[in-house]
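>>> whatever this is, show me its structure:
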Amino acid sequence: MSNVQERQGRLSTLPEAIRASVLAAQDKKAADVVILDLRTATAFTDFFVICSGQHSLQAKTIAENIETRLRQNGLKPAVVEGTGRAEWILLDFFDFVVHVFTPEAREFYSLERLWGKAERLDVNDAEPE
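You can find the predicted model right below:
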């Protein structure tokens, strides 16, 4: 089984809202899309979806597309933060949190390192089903 097939298989086991978030981010050319499975970690949510836009305008566009896609599926974020400067936009859906960064902010805050014990799924080359 190839790495892409393995990732696709793992993605298919995730909740639909996570897959919809990934697709919405990919639709707007998000870079470095990663899912952190926090269910085995001591965390306030089950998943992080983390991605980057090349600049604040693209980050804002990605976040808006995710929010729009999930609203179409009946999900509304409880909290949306960071849209003003759009360097780190957070969409909190309780069971999962979406983080959309500019490259500089993502490197600075380094959530993947901070939550290093979480299972990591890189989805850049895997299309959700």
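>>> going forward, measure contacts and count neighbours with C-alpha atoms only.
OK.
>>> show me what contacts the residue nearest to the spatial centre of the chain?
Using CA atoms, centre = their mean, the residue of the chain that lies closest to the mean C-alpha position is Val49, 2.2 Å off. Residues near Val49 by CA atoms under 8 Å, 6 or more residues apart in numbering: 18, 21-22, 33-36, 96-99.
>>> now intersect those residues with the helices, please.
18, 21-22 (DSSP state H).
>>> just say helix, strand or coil for the residue nearest to the centre of the chain.
Recorded secondary structure, Val49: strand (DSSP: H, G, I helix; E, B strand; the rest coil).
>>> so which of the ones in helices among the contacts of Val49 is the most crowded?
Val22 (26 neighbours; other CA atoms under 10 Å).
>>> and that one, how far from Leu70?
Relative to Leu70, Val22 is positioned 11 Å away (CA to CA, to the nearest Å).
>>> low-confidence stretches in the protein?
The model of the chain has pLDDT under 70 over residues 1-10, 125-129.
>>> hey, what's the residue nearest to the centre of the chain bridged with?
The partner list for Val49 in beta bridges (DSSP bridges) reads Ile35, Val98.
>>> buried residues in stretch 89-106?
Going by neighbour count (16 or more other CA atoms under 10 Å), the buried part of stretch 89-106 is 89-93, 96-103, 106.
>>> apologies, that question was intended for stretch 72-90.
Buried positions in stretch 72-90, judged by neighbour count with 16+ other CA under 10 Å: 76-77, 80, 83, 86-90.
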